[in-house]
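# For reference, the sequence and a predicted model appear below.
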Amino acid sequence: MDTFHEELTRALLEKNQELSTARARTWVELLWEDFETTYAKARGEYLGKEMTSRLVKQWIDSYGSRLHEFAARNSKYRHMLADENDLNH
């Protein structure tokens, strides 16, 4: 799973220069877990890491450049941008 997460993190960093590497990785992990959890509840069968990776990549392509805006406007996710100690890539 690390390879999938690393590739997706790189893709997100290419789309969004506002995110640090740590924040991009956190977003990838959240999107990954959200999809797997939601899909498991809806369908009950696991389609594998490749399917999850494909879907998260689609989300990154569609929304990645604006994820930092979403987090800033939603208090539930605001903490994701609060750490000034993160280094930008």
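Alright, I've got the coordinates.
# What are the buried residues along whichever strand or helix holds Leu31?
Element membership for Leu31, per DSSP states H and E: helix 21-43. By neighbour count on 16 or more other CB atoms under 10 Å, the buried set for helix 21-43 is Ala22, Arg23, Ala24, Arg25, Thr26, Trp27, Val28, Leu31, Trp32, Phe35, Glu36, Tyr39. Placement of C-beta: from N, CA and C, glycine included.
# What confidence value was assigned to the one residue sitting closest to the centre of the chain?
By CA atoms, centre = their mean, the chain has its centre lying nearest to Val28, at 2.5 Å. Here, the pLDDT recorded for Val28 equals 95.
# what residues are up against it?
Residues counted as contacts of Val28 (CB atoms under 8 Å, 6 or more residues apart in numbering) are His5, Leu8, Thr9, Leu12, Val56, Ile60.
# got TSV for the residues you listed, with secondary structure and pLDDT too?
Formatted as TSV, the contacts of Val28 follow (DSSP: H, G, I helix; E, B strand; the rest coil; pLDDT from 0 to 100):
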residue	secondary structure	pLDDT
His5	helix	96
Leu8	helix	98
Thr9	helix	97
Leu12	helix	97
Val56	helix	96
Ile60	helix	97
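# Drop anything exposed from these.
Buried, going by 16+ other CB under 10 Å: His5, Leu8, Thr9, Leu12, Val56, Ile60, out of the contacts of Val28.
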